[in-house]
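Structure for the following, please:
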Amino acid sequence: MKIALAADHNGFELKAIISEVLKKAGHTVLDVGPHSFDPLDDYPDYAKILAKSVSEKVSDRGIMICGSGVGASVAANKVKGVRAAMCHDLYSAHQGVEHDDLNVLCLGSRIIGSEVARELVLTFVNAEYTHEERHQRRLEKVLDMEDEF
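Numbering: from 1, shown residues only. Have a look, this model is predicted:
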């Protein structure tokens, strides 16, 4: 799977760890930045690049890291075709994909440590959307909302 990966200044160090976890698991990592630490890097700038990659199907999924995960989630969800959520527990990381077709995982580097991040990332990338009728019905309603607004 091709995974886009990005962070703001708060997530820069965790991004490097996650990149290695993904590569070791056999995934292709598209690092969309930043490529060097800058304390002025803001989450909307990188969330936009990452979300565009997912929306345009350049990457299959994305992982965006900021301090809390909240800002990254808010920003990424502004891009059509992106379903981003902050997940700091394993259940949400896989259930979001299985039931809601989550395609961007947002993490808070100030909230979780590297070991929890490893488990969350692997849980997220190993999950698959179920296509169950009830999940598809709900996803269609979300997609209709996206088109309406």
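
who touches the biggest helix by length in the chain?
Longest helix of the chain, by residue count under DSSP state H: helix 133-148. For helix 133-148, contacts defined as C-beta atoms under 8 Å, 6 or more residues apart in numbering pick out 80, 81, 83, 98, 99, 100, 101, 129. To be clear about C-beta, it is placed using only N, CA and C from the backbone, and glycine gets the same treatment.

Next, format those residues as CSV and append pLDDT.
Shown next, in CSV, are these (pLDDT from 0 to 100):
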residue, pLDDT
80, 97
81, 97
83, 98
98, 98
99, 98
100, 98
101, 98
129, 98
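
show me where pLDDT drops low in this protein?
Applying pLDDT under 70 to the chain picks out no residues at all.

in it, which spans are helices?
Ranges of helices in the chain, per DSSP H, are 12-24, 43-55, 70-76, 90-100, 114-126, 133-148.

between those helices, which one is nearest to residue 3?
Counting by C-beta to C-beta, residue 3 lies closest to helix 12-24 out of the helices of the chain; the figure is 5.5 Å.
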